[in-house]
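Q: Dropping a prediction and its sequence here:
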Amino acid sequence: MACGLPPQECAIQHLAPAFGLRCQQAGAVWGGPCPACGGSHCLTLTIEGRRQLFHCNRKPECSQEAVLSAVAARVPGCISPPRRARKAHRPADPDELITLILDRSVTGSALRLGLLRMLGMTTAEAAGKLGMPKSTRYGALKILGRSRR
C-alpha cells in the first residue's frame, strides 16, 4: 500500500473509516457503500495476501477503473489511481502491409508477427497465437524494425 501499512491494517485504519466499511469475514472481506455509484452495501473489499481487491456488486456494476478512481480520490495516500488503458491499435494500413509482404529481408515468422500486430494484437498476444518463443519474437521484432526504415 502507498501508506506503508499492510493491506489489512490499511483497511482497518484508513479505508473502513473513510468509506464506512464493515468487516464481514475475519478482516479479509469488507463491505459498504460504493464510492463510484453511491449504492449502499455495493462495495466489497477483499484482502488477498498483499493485495486489496475492490468490487462493485451493483447491477450493472461499476467499472473497475471507476471504483479505483473513486477510492484513490478519497484516500490518495493508500491507493494509487488506476493506470490509463493502452491506446487502441490502429487498423492495418494496406500500404504498410504491402511493403511488409514485399520486403525480402522479412522472414516468415517476422511477417506473421508483423501482420498480426498490424491487425490489432499486441506483440505478446501475436507471439502466443503463433507459439513463438521469446528469442524468435525478439529476432522478428529486430527484422520488423529494420524493414520500416
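A: Thanks, I have the structure now. Since we're looking at a predicted model, the values are computed, not measured.

Q: got a pLDDT number for residue 81?
A: The score at residue 81 is 79. That number is its pLDDT.

Q: ugh, typo on my part, it should be residue 148
A: Note on residue 148: pLDDT of 56.

Q: Please enumerate the strands of this structure.
A: 22-25, 29-32, 43-48, 51-56 (DSSP state E).

Q: in the third one, what's buried?
A: Yep, that's strand 43-48 we're talking about. 43, 44, 45, 46, 47 (16 or more other Cβ atoms under 10 Å). Every residue, glycine included, has its C-beta placed from N, CA and C.

Q: Okay, the residue nearest to residue 71 when sequence neighbours are not counted and residue 68: tell me how far apart.
A: On the basis of Cβ to Cβ, 6 or more residues apart in numbering, the spatially nearest residue to residue 71 that is not a chain neighbour turns out to be residue 79, at 5.0 Å. Relative to residue 68, residue 79 is positioned 7 Å away (Cβ to Cβ, to the nearest Å).

Q: Put together TSV for the strands of the chain, with distance to residue 3 and mean pLDDT on each row.
A: As requested, the strands of the chain are exported to TSV (distance: least, Cβ to Cβ, whole Å; pLDDT from 0 to 100):
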stretch	distance to residue 3	mean pLDDT
strand 22-25	19	91
strand 29-32	16	94
strand 43-48	14	93
strand 51-56	11	92
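
Q: Turn those strands into JSON lines, including distance to residue 131.
A: Shown next, in JSON lines, are the strands of the chain (distance: least, Cβ to Cβ, whole Å):
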{"stretch": "strand 22-25", "distance to residue 131": "42"}
{"stretch": "strand 29-32", "distance to residue 131": "40"}
{"stretch": "strand 43-48", "distance to residue 131": "32"}
{"stretch": "strand 51-56", "distance to residue 131": "31"}
